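> I'd like to go over a predicted model; first the sequence, then the structure.
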Amino acid sequence: MSPEIVESVFKFSELKGEEMMLISSKNQIDWDRGYVNAWNTKEYGLFIDKMKKKYQKAEVFICRDHCGPGFKNDDLKDVYQTINTDIEAGFDLIHIDFCHYKGTKREKIEASKNALAYIKNLSPQTLLEVG
């Protein structure tokens, strides 16, 4: 997920005509910061925008992996902040994963459904993955 790798993915996609995905977890890149290039989601999104302009024929999906409590911390507000900034940054896909949610199986399902509905309400075109 370094700038060099991100650009390499865009360049490869453009040269080979292949669809690619860049998938970041909450620890790697998040609304407040991550360990990849010390990027927050907004900074990462701005870099992605530069790559989209430079490699206009590239087909690269920008994806969030394991968006849920317990992957960075247990705070649901943090999860929803991640969702908000991902959508603002133009993420194509968000993987909702509430496996670490503190609650019963039924509560995990309800919390997951709520997050999915929230995303669809904000951004109907955003693709979803459920873990």
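Received it, and whenever you're ready, just let me know what you need.

> going forward, measure contacts and count neighbours with C-alpha atoms only.
Will do.

> show the pLDDT at Lys120.
Looking at Lys120, its pLDDT stands at 98.

> can you check Arg106 too?
97.

> so it, which of the three states?
Per DSSP: H, G, I helix; E, B strand; the rest coil, the local secondary structure of Arg106 is helix.

> check the gap between it and Lys11 for me.
For Arg106, the distance to Lys11 (Cα to Cα, to the nearest Å) stands at 44 Å.

> those two - which one has more neighbours?
Lys11 (21 against 9; other Cα atoms under 10 Å).

> where does the more buried one land in three-state SS?
Under three-state DSSP, Lys11 comes out as helix.

> now do the contacts for it.
55, 58 (Cα atoms under 8 Å, 6 or more residues apart in numbering).

> what's the neighbour count on Gly90?
With other Cα under 10 Å as criterion, Gly90 counts 19.

> tell me the contacts of it?
So Gly90 contacts 45, 62 (Cα under 8 Å, 6+ apart).
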